[in-house]
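Participant: what follows is a protein structure lacking sequence information:
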């Protein structure tokens, strides 16, 4: 099994993108999140894969996420001028050795053939991980670089629960001059009423 690894989603030994997990996620119904286009529900497979990227440094999973997102999301009528991401806290990025949303954004931008740029800086240090739904509604705060020449922005995150993170990030981008911001996430946490 040279150059293979165990998939976080299905535990099979694979090389590259796991075709089984990709196929399973492509069969799901699209989740509904106001203001955000999400590719899959944050269920068992998606959750295990996100954990592999976040906590086990399995960076290759970002390529799988990008492929699933671009296959599942409705076609973007106009390509964005730039792809960016909602950055995690500095503490989390340092602890994990990467920012998972950045990895996904870079994989998406590569597949779209448009540049990926860091346009946002997180100004709050509170992590969303492990917070209650009500605490997440407050969300982190951001400051954006000048976006007057950017135009259309595709804003990426890994998992959306309430949409507050992407909402605050969108506000910062618009205040900095972005004309149009499309929010997309790999996975959406089901609302409490949708959970079984």
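Facilitator: Thanks, I have the structure now. These figures come from a predicted structure and were not determined experimentally.
Participant: please name the residues that touch residue 37.
Facilitator: Counting by Cβ atoms under 8 Å, 6 or more residues apart in numbering, residue 37 makes contact with 73, 74, 182, 183, 184, 185. (Each C-beta comes from the backbone N, C-alpha and C, glycine too.)
Participant: helix/strand/coil for it?
Facilitator: strand (DSSP: H, G, I helix; E, B strand; the rest coil).
Participant: and it, bridged to which residues?
Facilitator: residue 184 (DSSP bridges).
Participant: what about residue 66, which SS state?
Facilitator: Applying three-state DSSP: residue 66 is helix.
Participant: make residue 1 into 10 and carry on from there
Facilitator: In the new count, where the first residue is 10, that last one comes out as residue 75.
Participant: go ahead and confirm it touches residue 120.
Facilitator: Yes: assessed by Cβ atoms under 8 Å, residue 75 is found in contact with residue 120 at 5.5 Å.
Participant: roughly how far does residue 183 sit from residue 52?
Facilitator: Taking Cβ to Cβ, to the nearest Å as the measure, residue 183 falls 32 Å from residue 52.
Participant: and for residue 166?
Facilitator: The spacing between residue 166 and residue 52, counted by Cβ to Cβ, is 17 Å.
Participant: more neighbours, the two?
Facilitator: Ranked by neighbour count (other Cβ atoms under 10 Å), residue 166 and residue 52 place residue 166 first, with 25 against 17.
Participant: so the more buried one, which of the three states?
Facilitator: Applying three-state DSSP: residue 166 is strand.
Participant: can you pull the pLDDT of it?
Facilitator: On the pLDDT scale, residue 166 is placed at 95.
Participant: what bridges to it?
Facilitator: Under the criterion used (DSSP bridges), residue 166 bridges to residue 194.
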